[in-house]
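1. return atomic coordinates for the entry below.
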Amino acid sequence: MKPELLVPCHDFATLKAGVKAGADAVYFGVNDFNMRAKNFKIKDLPEVIKYCHETEVKAYLTVNAVVYEDEIKQVKQLLENAKQASVDAVIVHDLAVLKLAKDLGLEVHVSTQANITNSVAVNLYADLGASRVILSRELSLEQIKEVVKNSSIPVEVFIHGAMCVSISGRCFFSQAMLLKNANRGECLQPCRRQWTVTNQDGELIYDGERFLNSKDLCMIDHVKELLELGVASFKIEGRMRDPNYVSTVASVYREAIDGLPDNKWHKRLESVFNRGFCTGFYYNLPDSEVNLEFGNNLSSVKKVKAGVVINYFKEPSVAVLKLDESGLKVGDEVMIIDSNIFLKQIVRSLEVEHQSVKQVSKGGFVGLKVNEPVRKGAIIYKLETNSN
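-> I've put the predicted structure just below:
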């Protein structure tokens, strides 16, 4: 049986992008009590889960932040809302949240934040009522295989996305340096910065290098080995990423899991946000997994804002654009995005005052034939080669 492909989302645009790209399940947060800053609103829960179930996709709510005594009532209310909306599972770290969720009859998955590295821990969480655990990222293929063999409940593993130099993301660097707690979803990622480090004798250890800046995990070349592990779910990191990232990464791994031939997988993954790629701990201890030079995006493609949708006509499926940032020409690859929609296509035709044109300069208005409905106010971007 194929493992589930689990994809991140934080708004309706990323949700729809992941589902259309072939996700079997999505995970997301609402408001507070999770590890990311971008989230749905709690009022969105019923609509999110309804969309997932109508498209035969499972919906997992992340409630995996550290919870304090005075927040128990709020967390319980959130879980009650999730139960009412028929969420498929909640992802938790704090044992209090696990207990509250089980008391409500919710299915529980234990977060990678719990740093589960062996089958004894897996089975202990099973005894507490968990139905799945997300293993620590600090495990090799062989270690995961042994854990799976000796575990009483299914396990899930990360296969792509940002890595933290700390143990499974349980880091206190942002809190210590900037008073922003990563374990409360507030991380400002000081690890991605350049640092000059000297020892107590004044000896220079690092000079302006990003020695804490982990490359991104990428297991696209090793999906066959991953499939042999017997895990229940392959998870993609990226709840802060845009719809193009979600769509691209999900579609690549969907093809690989389904056994399709390599369709420029690496090139496609390199075209969206990344900090360089590595295989993490899958092949034992990393030895070159830190990107010393570049702390931010190494994507081979950049998105350039062209303008905004000022009208949409359903019958001819045409968007009227105001190109206030950049021009457009036939052949350009574009994206149209807002919080609810994501459309990516090639510009096949352009019209100005009902006349076909090959290109339109910045400052102009133009009609663009679109493949799907869009909305007034959505932003249109051009995709161009990034020289980094």
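2. give the closest residue to residue 112 in space, chain neighbours not counted.
-> Spatial nearest neighbour of residue 112, chain neighbours left out: residue 134 (4.4 Å); criterion: CB to CB, 6 or more residues apart in numbering. (Glycine included, C-beta is placed from N, CA and C.)
3. for residue 111, see how far away that neighbour is.
-> Counting by CB to CB, to the nearest Å, the gap from residue 134 to residue 111 is 6 Å.
4. one step back: for the residue nearest to residue 112, give the beta-bridge partners.
-> Beta-bridge pairing for residue 134 (DSSP bridges): residue 156.
5. give me the contacts around stretch 220-231.
-> Contact partners of stretch 220-231, identified using CB atoms under 8 Å, 6 or more residues apart in numbering, comprise 2-3, 141, 144-145, 148-149, 154-157, 159-160, 219, 234, 252-253, 256-257, 265-266, 269, 279, 282.
6. just the ones of the residues you listed in strands?
-> Mapping the contacts of stretch 220-231 onto strands (DSSP state E) picks out 155, 156, 157, 159, 160, 234.
7. max pairwise distance over those residues: which two?
-> Using CB to CB, the pair of these lying farthest apart is 155 and 160, separated by 17.1 Å.
8. ok, back up a step: so which of the ones in strands among the contacts of stretch 220-231 comes closest to residue 103?
-> Using CB to CB, the ones in strands among the contacts of stretch 220-231 come closest to residue 103 at residue 156, 23.3 Å.
9. so what's the residue count around that closest one?
-> For residue 156, the count of nearby residues is 24 (other CB atoms under 10 Å).
10. for it, give its distance to residue 138.
-> 15 Å.
11. by mean pLDDT, point me to the weakest helix or strand of this structure.
-> Lowest on mean pLDDT, DSSP states H and E among the helices and strands of the chain sits strand 204-209, with a mean of 75.
12. sheet-wise, list the partners of that one with their directions.
-> Paired with strand 204-209 in the same sheet, following DSSP bridges, are strand 195-198 (antiparallel).
13. buried sites along the partner strand?
-> Residues of strand 195-198 classed as buried by neighbour count (16 or more other CB atoms under 10 Å): none.
14. show the average pLDDT along that strand.
-> Throughout strand 195-198, pLDDT has a mean value of 80.
15. what of stretch 352-368?
-> Stretch 352-368 comes out at a mean pLDDT of 95.
16. what's the first-to-last distance across that stretch?
-> 9 Å (CA to CA, to the nearest Å).
17. helices along the stretch 151-300 of the chain, start to end?
-> Here the stretch 151-300 of the chain has its helices, by DSSP state H, counting those that start in this stretch, at 173-178, 223-227, 243-257, 265-270.
18. let's have those helices in a markdown table, adding distance to residue 80.
-> Below are those laid out as a markdown table (distance: least, CB to CB, whole Å):
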| stretch | distance to residue 80 |
| --- | --- |
| helix 173-178 | 30 |
| helix 223-227 | 36 |
| helix 243-257 | 29 |
| helix 265-270 | 39 |
